[in-house]
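Trainee: Show me the folded form of this:
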Amino acid sequence: MGSLLRAAILLLPAAGHASRRLVIRSAAAAAVTVRPLGAIANSDPTLTAVSTLNAGADYTSLASGVKVKEVRAGTGPAAKIGDTVFVQYSGRCLNLNGKKFISTQDAAAKTSGLAISEPFVFKLGSATVIPGLEAAVLGMSKGGYRRAVIPASLGYDADMSLGPTPESFQDLRSLESIVKNPNRDASLLFDVQLERIK
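Mentor: Below is the predicted model:
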């Protein structure tokens, strides 16, 4: 017997006949009023889903609204607007249970059959990639590795005009299913490794 059902039975009046309906109603009332302490502390459900610490304490909010977790700090100068960056990445749709929709590693395997991937190259500030990815890479150093939670407002638009875009039709359809549906959360999770700054 579940703990909520036991609690509901204890809440029933001592006198009288307890019907099944009354027990279920009481259990539902108890479920509505009882919340775990962790649920109160976590105000951002998207961040809570990917965070390993209570209330997302392992993530830092950038001025842009992107939340990043420094997995590994790089060395050397930080990437800035105007720099050309070479990155390896993996992107996931948080609304689709973390389904991976894009990866430099997967793209390499599909085109060459090898697991060795070519980095994705773009210029910071050129407005050719989604703003959230650019914000996540800004400030990284060579060899750095970040996990970024990108809100829908800094992700793909309905036209899918900015990169990187999935190579396979199935992955593109998965991404479009959340981007083009205003009723779904289009938050993304990107793991990014900065290989080189030019």
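Trainee: per-domain residue ranges of this structure.
Mentor: Domain segmentation of the chain under automatic domain parsing yields 3-34, 45-197.
Trainee: okay if I get those as a markdown table plus mean neighbour count?
Mentor: Every residue, glycine included, has its C-beta placed from N, CA and C. Compiled in a markdown table, the domains of the chain are given as follows (neighbours: other CB atoms under 10 Å):
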| stretch | mean neighbour count |
| --- | --- |
| domain 3-34 | 12 |
| domain 45-197 | 17 |
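Trainee: lowest-confidence stretch among those domains?
Mentor: If you rank these by mean pLDDT, domain 3-34 sits at the bottom with a mean of 47.
Trainee: which element follows whichever strand or helix holds Glu70 toward the C-terminus?
Mentor: For Glu70, the host element (DSSP states H and E) is strand 67-72. Sequence-wise, the next helix or strand downstream of strand 67-72 (DSSP H and E) is strand 75-78.
Trainee: now for that next one, which elements pack on it?
Mentor: strand 141-142 (3 or more CB pairs under 8 Å, 6 or more residues apart in numbering; DSSP states H and E).
Trainee: For beta bridges, what are the partners of Ser141?
Mentor: Ala78 (DSSP bridges).
Trainee: which residues in this protein form strands?
Mentor: In the chain, the strands defined using DSSP state E lie at 60-61, 67-72, 75-78, 84-93, 99-103, 120-123, 141-142, 145-150, 188-197.
Trainee: List the strands paired with the last one, with their directions.
Mentor: Under the criterion DSSP bridges, strand 188-197 sits next to strand 84-93 (antiparallel), strand 145-150 (antiparallel) in its sheet.
Trainee: residues in contact with that strand?
Mentor: Residues external to strand 188-197 that are found in contact with it (CB atoms under 8 Å, 6 or more residues apart in numbering): 50, 71, 74, 76-77, 79, 83-94, 98, 119, 130, 132-133, 136-137, 140-150, 155-156.
Trainee: Same check on the first one?
Mentor: Strand 60-61 is touched from outside by Lys67, Val68, Lys69, Glu70, with contacts defined as CB under 8 Å, 6+ apart.
Trainee: list the helices and strands the strand holding Glu70 packs on?
Mentor: Checking 3+ CB pairs under 8 Å, 6+ apart, strand 67-72 ends up next to strand 60-61, strand 145-150.
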